[in-house]
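In: turn this into a structure:
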Amino acid sequence: MPQARNVSNRSTTTTTTWSFIKLAAYSAFGFYSYLVYQKYYKRQQLRTEWTHKNITRISDVSLSQILDLFAVALDMEQMVLKKGGCELAKGKLLSTIFYEPSTRTCTSFQAAMLRLGGKVVNISDVSN
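Out: Next up is the predicted model:
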């Protein structure tokens, strides 16, 4: 009789183990699905928050928007490192106006826009 109990106990343990494995698999899939949804939702939310927004001073944005902006910048940096550029700004034109000579700033703006697939018009040496 004790052996029958032992076999039954092993069967219960095996069933419990498989149930746990299934639960873990479903949980992992559910968690992954949730992360994908959150990433999509976050992207849509960011687009809504930043559409037609002009920033002239730091008080125009919240701390969470600044952190989101840095997160997007890091994603874009990884994209540039992997592919060398992207087409996010394809068909867009960046116009820069510098009232004082600033070669480093001007060239970094141009390089960023070109890596995003856009075009640049630079206006410099503007007289007051």
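In: what residue ranges in this structure score low on pLDDT?
Out: Where the chain drops to pLDDT under 70, the residues are 1-41, 43, 125-128.
In: would you map the helices across this protein?
Out: Assignment of helices within the chain using DSSP state H yields the ranges 2-50, 63-83, 103-115.
In: which positions in the shortest one come out as buried?
Out: Of the residues in helix 103-115, 109-110, 113, 115 count as buried by neighbour count, 16 or more other Cβ atoms under 10 Å. From N, CA and C alone the C-beta is placed, and that goes for glycine too.
In: now the second one
Out: Of the residues in helix 63-83, those with enough neighbours to count as buried (16+ other Cβ under 10 Å) are 68, 76.
In: for it, packing partners?
Out: Judged by 3 or more Cβ pairs under 8 Å, 6 or more residues apart in numbering; DSSP states H and E, the packing partners of helix 63-83 are helix 2-50.
In: from Asp68, how far off is Leu74?
Out: When Cβ to Cβ, to the nearest Å is the yardstick, Leu74 and Asp68 sit 11 Å from each other.
In: can you check Gln78 too?
Out: Using Cβ to Cβ, one obtains 16 Å as the distance from Gln78 to Asp68.
In: how about Cys106?
Out: Distance of Cys106 to Asp68, computed by Cβ to Cβ: 27 Å.
In: what's around Gln45, how many residues?
Out: Counted by other Cβ atoms under 10 Å, the residues lying close to Gln45 total 12.
In: let's have the chain start at 24 instead
Out: OK, 24 is where the count begins now, so the last one is Gln68.
In: contacting residues for it?
Out: When contacts are counted by Cβ atoms under 8 Å, 6 or more residues apart in numbering, Gln68 touches no other residue.
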